[in-house]
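**Student:** give the three-dimensional model of this entry:
(chains A, B, C, D, E and F)
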Protein chains: 6
Amino acid sequence: MFKYEKMLEYPINVKKKDLHMAKLLVTQFGGPDGELSASLRYLSQRFTMPDEKGKALLSNIGTEELGHVEMICTMIHDLIKDASISELKDAGLDSWYTQHNKGLFPTDANGAPFTSAYIGVSGNPIVDLQEDLAAEEKARATYENLMDLTTDESLLAPLSFLRQREIVHYNRFKELLDYYKEKGLK
Amino acid sequence: MFKYEKMLEYPINVKKKDLHMAKLLVTQFGGPDGELSASLRYLSQRFTMPDEKGKALLSNIGTEELGHVEMICTMIHDLIKDASISELKDAGLDSWYTQHNKGLFPTDANGAPFTSAYIGVSGNPIVDLQEDLAAEEKARATYENLMDLTTDESLLAPLSFLRQREIVHYNRFKELLDYYKEKGLK
Amino acid sequence: MFKYEKMLEYPINVKKKDLHMAKLLVTQFGGPDGELSASLRYLSQRFTMPDEKGKALLSNIGTEELGHVEMICTMIHDLIKDASISELKDAGLDSWYTQHNKGLFPTDANGAPFTSAYIGVSGNPIVDLQEDLAAEEKARATYENLMDLTTDESLLAPLSFLRQREIVHYNRFKELLDYYKEKGLK
Amino acid sequence: MFKYEKMLEYPINVKKKDLHMAKLLVTQFGGPDGELSASLRYLSQRFTMPDEKGKALLSNIGTEELGHVEMICTMIHDLIKDASISELKDAGLDSWYTQHNKGLFPTDANGAPFTSAYIGVSGNPIVDLQEDLAAEEKARATYENLMDLTTDESLLAPLSFLRQREIVHYNRFKELLDYYKEKGLK
Amino acid sequence: MFKYEKMLEYPINVKKKDLHMAKLLVTQFGGPDGELSASLRYLSQRFTMPDEKGKALLSNIGTEELGHVEMICTMIHDLIKDASISELKDAGLDSWYTQHNKGLFPTDANGAPFTSAYIGVSGNPIVDLQEDLAAEEKARATYENLMDLTTDESLLAPLSFLRQREIVHYNRFKELLDYYKEKGLK
Amino acid sequence: MFKYEKMLEYPINVKKKDLHMAKLLVTQFGGPDGELSASLRYLSQRFTMPDEKGKALLSNIGTEELGHVEMICTMIHDLIKDASISELKDAGLDSWYTQHNKGLFPTDANGAPFTSAYIGVSGNPIVDLQEDLAAEEKARATYENLMDLTTDESLLAPLSFLRQREIVHYNRFKELLDYYKEKGLK
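**Tutor:** Got it, this is the predicted structure:
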């Protein structure tokens, strides 16, 4: 089971409205390489990991990614909460406002609904970990793209933190994959 | 952020293989009225609740539902983990095995991928809570259908617990809705 | 069976082109909380209502919603029919024009195709009516959002009418739900 | 607007339970070539037909198809309404029961949700009518497949009627297409 | 099997960046009436064509459409490859950049993922060829819409070529359909 | 552009009807880890590979996968082409027959339509190649699952060939990834 702690993994202090960035950040909530994809992938795969070591790693990283969903949502919420109707229109967020007002809904940056078709679960730990290495790399690339699109330090800091976490997770998954390969799993 | 505790909210002690029930239980993992839908709905809606009372209720129930995803997955995993190829074939789980071996993947009971199109987030607390009442009722009905389809006590006990939680959540959401209506929200 | 009457439920007299509003109104055609969702939901649910009273209410409201689809489509058609290519481009409707010229296609405001994943049918009248209350509230909220986004009286009048109908339907569904609960349905 | 008449276009008198046929008939409710697809296609396309003749034909056939949805739903409902839990299980309708009890939900015969991706609206009457010819042929083929799968006369009669209507519609659309081509539309 | 030849079916010489057109052209890659739809439709249908004549035509056109996918992708790639971040933002391609940097991904012009729900395969050659006539007409209309949206000769030339190929394919499919009808197929 | 050669990459000589295997093999046509996914992934990614070496490898493997789609389709077609209605019913292929007769349609083994949400294109060669390693591993695992489900040598031989090709592709992608990493790409 899970416990909620009313604290973010890394502080979010958005300094100014930026509706364009809000629209783009949504993909890290409900897009193909976003944090919801990540969390759902790892928390599903853990049931067929072959030992406690694997189950624990997947549970821990999957749980951390839930906190990353929360960070992303907090950023988006802070970026749009004070926007006026005319600001929303100018930024092309009028379709968002029409369907969700200022609510947070898991889609990609084009508004395509989240789907579990984004993730893979093979029941084979070697294959799943290879999927996870790819997932972490895709998430890293997405954060790098997002960082190219803003110069706001109050966004760059948490994005940089999240990007760094993907690299850490990549390394943890790589270690586990190597360990299982050495044990003869295929 | 979230913390993982290696304990289920309610104990699962599946007594025997039942591949048919495994196939059906999947809908409470990744189907329209399942626990993933529920969790994602509440954890998204909380950002636009108008006060701490609302945010806290949605956070708490959303987090509890994550634990229900885990309970459902544990039941499914235990129901199929020892199945032979021929048992999987006889039960019509050969398509599952082809795509996921014995891995757990979020779909409905027909194999349709999970989609966030199942949930609603309006940014309006009155509307979101009405959505939540409906969600809890739909989940309750699904548990009742599942309970009609088995006589295995080791499944009926956790299903009955989960059904009961939906009723508790319904009541909590109803109280909050009434409270907000009294305060004049629309 | 159904009969078509060449008359709108409420008159549409769009006074001027407004491509932005056309793009947004599409969600009430083919979006999650739109009129097609509503109609399909009620016309499906009616088959498992327990008595003529329930079947009749669902049939009538479901049929009325078909007329609302028509109203919304008429508004959209009138808003774009005289647009030039350059006006379509400026308003971001060039993707619409590319795929449908000035044709009407059921999507949400982001262009995501309509899916029946938006609606719920449980086979249980108590649960279905709870779903219907939520549906009416979500549609109401969407109309309110749309009304925030325009000052054109020729749009506000039919939008206000449609919003009002959602409230009427909510009340009719609530009465039926209460009636069934009094009769002991669960 | 539309009026509902409590009478089917063609009488349905299902003589016996047949859960397998119920499962298959669903595709003519919410599948790619089903009656909902047909109705939505024609009722959307009519807005960009170039004259009253075209608008009227599309409105009339689109409305008739709504009645065909109702006929299909009535058949399905009658085929399953008296089924026991064990009959549902034996026929592989336990996933249906889990998610919808005996309710009617628009999917294809595999349970894939209805999507408007099934239909085309081009804004060009020549192109739309070509789409409609294809649609009628695909629906005809589906009815022929269904008729291959049963020997129950009480099902064959309405299926044969519905198949025949597709041919009539094909001819009506072909006449209109020829008329528009003669007028020089492209 | 297929062989790749490093030569385009028709030369692409894009003369200048045009990010808006890039965004629109994507629908002919992964949209409902695009070249991927076409290719997948014909290469699937060929297996149930009744003779070598039919199999050959479908194989040949299906293979040609693969080359059209390549032409469209080449155009898109050339239109965006030198764009700066600020140009991408101004053109509304920041969501593309976020998710794919400058990579090519099969969606429609709104970013909705490609789905095989766009195509029909009936197993009946008469029906499939009617579907193919409609498909070619829809693709033609889309090319005409795209040609309305640009005045750049370096784009108009290949678009005109591709439009012309749809007409040629329409005629080839019509001949085959007539041939099969004369042989008595239904 | 592409050329079609009327020869399979590896011979298919299906010896007997096997409708269950036909149903499962479909996932290697239109499922998440199937050959269509593979081909579309590589033929899309090649446009943003940084040099001719990368473009050539992706083009070649992507083209080979098109031939694997053809092999899979040939196997499925041969497995079902002589089936009677009652055999189709017994094997649970009546939903397939209803919608496609004996036609071949790209879905997964549950009938969920193919979607490009299954694939990733990041525009970054390091990331794309990591995605490709995962893709090849997932395809390998699927072939291994399929091989567990049959003892028919006439199926096992081509499945074993296809499985082996995934391993070869994995190695080729790994070499390219290592080469790019040595050159300093990230």
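**Student:** wait, what's in contact with the residue positioned nearest the centre of chain A?
**Tutor:** Closest residue to the average C-alpha location of chain A: A:Glu35 at 1.8 Å, with CA atoms, centre = their mean. Neighbouring residues of A:Glu35 by CB atoms under 8 Å, 6 or more residues apart in numbering or on different chains: A:28-29, A:65-66, A:68-69, A:71-72, A:139, A:162. C-beta coordinates here come from the backbone N, C-alpha and C atoms, glycine included.
**Student:** please apply the same query to A:Gln28.
**Tutor:** A:34-35, A:68, A:72, A:139, A:142-143, A:146, A:162.
**Student:** can I get those residues in JSON lines including secondary structure and pLDDT?
**Tutor:** Below are the contacts of A:Gln28 laid out as JSON lines (DSSP: H, G, I helix; E, B strand; the rest coil; pLDDT from 0 to 100):
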{"residue": "A:Gly34", "secondary structure": "coil", "pLDDT": "98"}
{"residue": "A:Glu35", "secondary structure": "helix", "pLDDT": "98"}
{"residue": "A:His68", "secondary structure": "helix", "pLDDT": "98"}
{"residue": "A:Ile72", "secondary structure": "helix", "pLDDT": "98"}
{"residue": "A:Ala139", "secondary structure": "helix", "pLDDT": "98"}
{"residue": "A:Thr142", "secondary structure": "helix", "pLDDT": "98"}
{"residue": "A:Tyr143", "secondary structure": "helix", "pLDDT": "98"}
{"residue": "A:Leu146", "secondary structure": "helix", "pLDDT": "98"}
{"residue": "A:Leu162", "secondary structure": "helix", "pLDDT": "98"}
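**Student:** nearest to chain C, of the residues you listed?
**Tutor:** Nearest to chain C out of the contacts of A:Gln28 is A:Gly34 (CB to the nearest CB; 16.5 Å).
**Student:** separation between the closest residue to the closest one other than its chain neighbours and A:Lys6?
**Tutor:** Once flanking residues are discounted, A:Gly34 sits nearest to A:Gln28: 4.4 Å by CB to CB, 6 or more residues apart in numbering or on different chains. In this view, A:Gln28 and A:Lys6 are 21 Å apart by CB to CB, to the nearest Å.
**Student:** swap in A:Gly34?
**Tutor:** Taken as CB to CB, the span from A:Gly34 to A:Lys6 is 23 Å.
**Student:** could you do A:Ala38 as well?
**Tutor:** The value you get for A:Ala38 to A:Lys6, if CB to CB is used, is 22 Å.
**Student:** show me which of these two is the more surrounded one.
**Tutor:** A direct count of neighbours by other CB atoms under 10 Å in any protein chain shown for A:Ala38 and A:Lys6 places A:Ala38 higher, at 27 against 9.
**Student:** so what's that one up against?
**Tutor:** Counting by CB under 8 Å, 6+ apart, A:Ala38 has contacts A:61-62, A:65, A:68, A:135-136, A:139.
**Student:** show me the strands in chain A, by range?
**Tutor:** For chain A, applying DSSP state E gives strands covering A:2-4.
**Student:** most proximal residue of it with respect to chain E?
**Tutor:** For chain A, CB to the nearest CB, closest residue to chain E: A:Asn110, 2.8 Å.
**Student:** what residues does chain A put near chain C?
**Tutor:** A:85, A:89, A:92, A:94-95, A:97-99, A:101, A:107, A:110-113 (CB under 8 Å from any CB of the partner chain).
**Student:** residues near the nearest residue to A:Lys16 once chain neighbours are set aside, how many?
**Tutor:** The shortest distance from A:Lys16 to any non-neighbouring residue, by CB to CB, 6+ apart, is to A:Asp152 (7.0 Å). Close neighbours of A:Asp152, defined as other CB under 10 Å, add up to 15.
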